[in-house]
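# give me the fold of what follows.
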Amino acid sequence: MKNSKHFETNAIRTQVARSEQREHSAPIYATSSFVFDSAEHARAAFAEEVEANIYSRFSNPNTDEFIEKLCLLEGAEDGVATATGMSAIFLALSSHLRAGDHIVSSGNLFGTTLQVMNNLLSRWGISHTLVAIDDNEEWEEAIMPNTRLLFTETPSNPGLDLCDLQFVGKLAKENNCLFVVDNTFATPYLQNPLQYGAHLVCHSATKFIDGQGRTLGGAVVGSKSVMKEVRTMARQTGPSLSPFNAWILSKSLETLAVRMDRHCENALKLAIHLQNHPKVKEVKYPFLSDHPQLELAQKQMRMGGGLVTLELSGGLERCKKFIDHLQLLSCTSNLGDTRTTVTHPATTTLAKQTREEQEEVGVTEGSIRISVGLEHIDDIIADLEQALEKSERV
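You can find the predicted model right below:
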C-alpha cells in the first residue's frame with residue numbers, strides 16, 4: 001500500500017526500493033558517487049533528462065528515503081536534506097532572496113537564526129523587520145514594497161508563543177511573498193504549515209525528528225516550483241546530509257508519532273503540575289488553560305509539543321542554583337531528546353542578544369526552558385521539585 005492516509009504508516013512503510021539482497025531494513029549507501037549504464041546515460045543524467053543518482057552531494061538513496069517520508073508527512077511535493085537545521089534555514093532564506101529584498105520575521109526566533117539575518121544576509125543588502133509573533137497588525141504594517149519573504153518559527157524558542165499561520169499565509173499571498181516556517185518544535189506530527197499557506201517548511205531534524213540526541217540533520221520541503229531554487233543552491237553550495245545520518249533520521253521518523261505522544265503527554269502533565277506552584281513565578285505551555293493563545297494552539301496544532309518554559313523568581317543566580325541541583329535531568333542546549341533537558345536561554349541560546357532584545361521576546365534572566373523527555377513523569381517532577389526546593393535556600 002503506497003501513501004496511506006495515516007501518518008504512522010507513511011513514516012514506517014516509506015522505503016527506498018529493495019536491492020537484490022531483499023533486505024527488510026534499508027541499507028546505508030555509503031558511497032560518494034554512482035555508476036552509469038553508458039556514456040549516454042551519464043550525459044542524460046547530468047542534463048536532468050532522466051532521474052539518476054550522480055553524486056551524494058546531489059542525492060543518495062538514504063537522503064531520498066528520508067525526504068520522501070518527510071514530504072509525505074508535511075504534505076509537500078519536494079525537499080532537500082541538509083547537514084544541520086541551520087543550513088536548512090539558510091538555504092530556505094538565501095535561495096529566494098536578492099540584494100535589496102526585505103524580510104518580515106517574527107522576533108521570537110532561535111538565536112542563530114537571528115544572527116543569520118543580522119550578520120550574514122545584511123552583508124548582501126537584504127534587510128529585515130522583526131515583529132511581535134502574535135500581533136497580526138504588526139505583520140501587516142511591516143510589509144514594504146520590496147518585502148519578498150515572511151518568516152516565523154512557531155511555537156517560538158523559548159517563549160512558546162504562536163504565529164497565526166493562516167493569517168500570515170493569507171498575508172503572504174496578498175503581497176506576493178514567500179512564507180517560510182521553521183516547524184522544528186511542532187514536527188510534522190503536530191502541525192503542517194503548508195496547509196495554512198506556507199511555501200517552505202524547515203526542520204532541525206537534530207531535535208525531535210532524531211529524538212535521541214545522536215546526530216545532526218535538517219530539511220527544507222515545499223512545492224516543486226518553490227523548491228527548484230532551494231535544490232539548485234543546495235547542489236552548488238553542498239550543505240549535504242551524510243547517508244549515515246539520513247539513515248538514522250529516516251529510521252527515527254518511524255517512531256516520531258509514538259514519541260511525540262509521550263513528549264506531549266509528559267509536558268502537559270508537568271505544566272499543569274507547575275501551573276500554580278508556589279516556587280514558580282510563571283509557566284508557559286501552548287495547551288495550558290491559561291496560555292493566551294490556547295484557542296490558536298488547538299486550531300493549528302494537534303497537541304502542545306514537548307517544551308515547557310518556566311519563570312523563576314531570583315533571576316540568574318536562582319536559575320544557576322536550580323540547574324546545578326538537578327540530579328536526573330540534563331543541562332544541555334539541545335532539545336527533543338528522549339532525556340529531559342534543561343536550558344537557561346539568556347546565557348546560552350540567546351546569549352548574543354542584548355537584554356532588551358531578550359526581554360522583547362519574553363526571555364528574562366529567570367527563564368528556564370525544559371524539553372520534556374520520555375522518562376516516567378513522576379521522576380521528572382521529583383527531580384524538578386528537589387531542585388526548586390534546594391535552589392530557594394540561601
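
# mind checking which residue lies nearest the centre of this structure?
Residue closest to the average C-alpha location in the chain (C-alpha atoms, centre = their mean): T184, at 1.5 Å.

# that one against D210, yeah?
No - in this structure, T184 is not within contact of D210 by C-beta atoms under 8 Å, at 11.2 Å. The C-beta positions use only the backbone N, C-alpha and C, and glycine is treated the same way.

# which residues are in contact with both of the two?
G336 (C-beta atoms under 8 Å, 6 or more residues apart in numbering).

# what about the stretch 251-394 of the chain, any weak spots by pLDDT?
Across the stretch 251-394 of the chain, the ranges flagged by pLDDT under 70 are 394.

# how about the helices in it?
256-274, 294-300, 315-324, 355-360, 377-392 (DSSP state H, counting those that start in this stretch).

# the inter-axis angle of the last one versus helix 256-274?
The reference is to helix 377-392. Interaxial angle of helix 377-392 relative to helix 256-274 (axes from the mean of the first three to the mean of the last three C-alpha atoms, to 10 degrees): 40 degrees.

# now helix 377-392: buried residues?
377, 380, 383-384, 387-388, 391 (16 or more other C-beta atoms under 10 Å).

# what packs against that helix?
helix 256-274, helix 315-324 (3 or more C-beta pairs under 8 Å, 6 or more residues apart in numbering; DSSP states H and E).

# the same query, at a cut-off of 10 Å, please.
helix 256-274, strand 307-311, helix 315-324, strand 341-343, strand 367-371 (3 or more C-beta pairs under 10 Å, 6 or more residues apart in numbering; DSSP states H and E).

# need the CA coordinates for the longest one. CSV is fine.
Right, the one you point to is helix 256-274. Below are the C-alpha coordinates for helix 256-274, written out as CSV (Å, rounded to 0.1, in the frame of the first residue of the first chain):
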residue,chain,number,x,y,z
LEU,A,256,8.1,10.0,15.8
ALA,A,257,4.4,9.6,16.4
VAL,A,258,4.6,7.5,19.5
ARG,A,259,7.5,9.6,20.9
MET,A,260,5.6,12.8,20.3
ASP,A,261,2.5,11.4,22.0
ARG,A,262,4.6,10.7,25.1
HIS,A,263,6.5,14.0,24.9
CYS,A,264,3.3,15.9,24.8
GLU,A,265,1.6,13.9,27.5
ASN,A,266,4.5,14.4,29.9
ALA,A,267,4.9,18.1,29.0
LEU,A,268,1.2,18.8,29.7
LYS,A,269,1.3,16.9,33.0
LEU,A,270,4.4,18.9,34.0
ALA,A,271,2.9,22.2,33.0
ILE,A,272,-0.3,21.5,35.0
HIS,A,273,1.8,20.4,38.0
LEU,A,274,3.8,23.6,38.0
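
# show me what that helix is packed against.
helix 7-13, helix 61-74, helix 187-190, strand 282-284, strand 307-311, strand 367-371, helix 377-392.

# quick one: those as a markdown table, columns for distance to S330 too.
Formatted as a markdown table, the helices and strands packed on helix 256-274 follow (distance: least, C-beta to C-beta, whole Å):
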| stretch | distance to S330 |
| --- | --- |
| helix 7-13 | 27 |
| helix 61-74 | 27 |
| helix 187-190 | 21 |
| strand 282-284 | 20 |
| strand 307-311 | 15 |
| strand 367-371 | 9 |
| helix 377-392 | 10 |
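
# of these, which approaches L216 most closely?
With C-beta to C-beta as the criterion, L216 lies closest to helix 61-74 of the helices and strands packed on helix 256-274, at 13.2 Å.

# could you export the closest one as CSV, CA atoms only?
Presented in CSV, the C-alpha positions along helix 61-74 are these (Å, rounded to 0.1, in the frame of the first residue of the first chain):
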residue,chain,number,x,y,z
PRO,A,61,19.1,6.7,-1.7
ASN,A,62,19.3,7.3,2.1
THR,A,63,18.6,11.0,1.8
ASP,A,64,16.0,10.3,-0.8
GLU,A,65,14.1,8.0,1.6
PHE,A,66,14.3,10.5,4.4
ILE,A,67,13.0,13.3,2.3
GLU,A,68,10.2,11.2,0.7
LYS,A,69,8.9,10.4,4.1
LEU,A,70,9.1,13.9,5.4
CYS,A,71,7.3,15.2,2.3
LEU,A,72,4.5,12.8,2.8
LEU,A,73,4.2,13.7,6.5
GLU,A,74,4.3,17.5,5.7
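
# what angle do that helix and helix 256-274 make?
Using the same axes, to 10 degrees: helix 61-74 against helix 256-274 is 60 degrees.

# now do helix 61-74, average pLDDT.
Averaged across helix 61-74, the pLDDT comes to 97.

# report the distance from it to the chain centre.
The chain centroid and the centroid of helix 61-74 are separated by 16 Å, computed with C-alpha atoms, centre = their mean, to the nearest Å.

# so after it, what's the next helix or strand?
Sequence-wise, the next helix or strand downstream of helix 61-74 (DSSP states H and E) is strand 78-82.

# who are the packing partners of that following strand?
Judged by 3+ C-beta pairs under 10 Å, 6+ apart, the packing partners of strand 78-82 are helix 61-74, helix 85-94, strand 200-204, strand 218-222, helix 224-237, helix 243-253.
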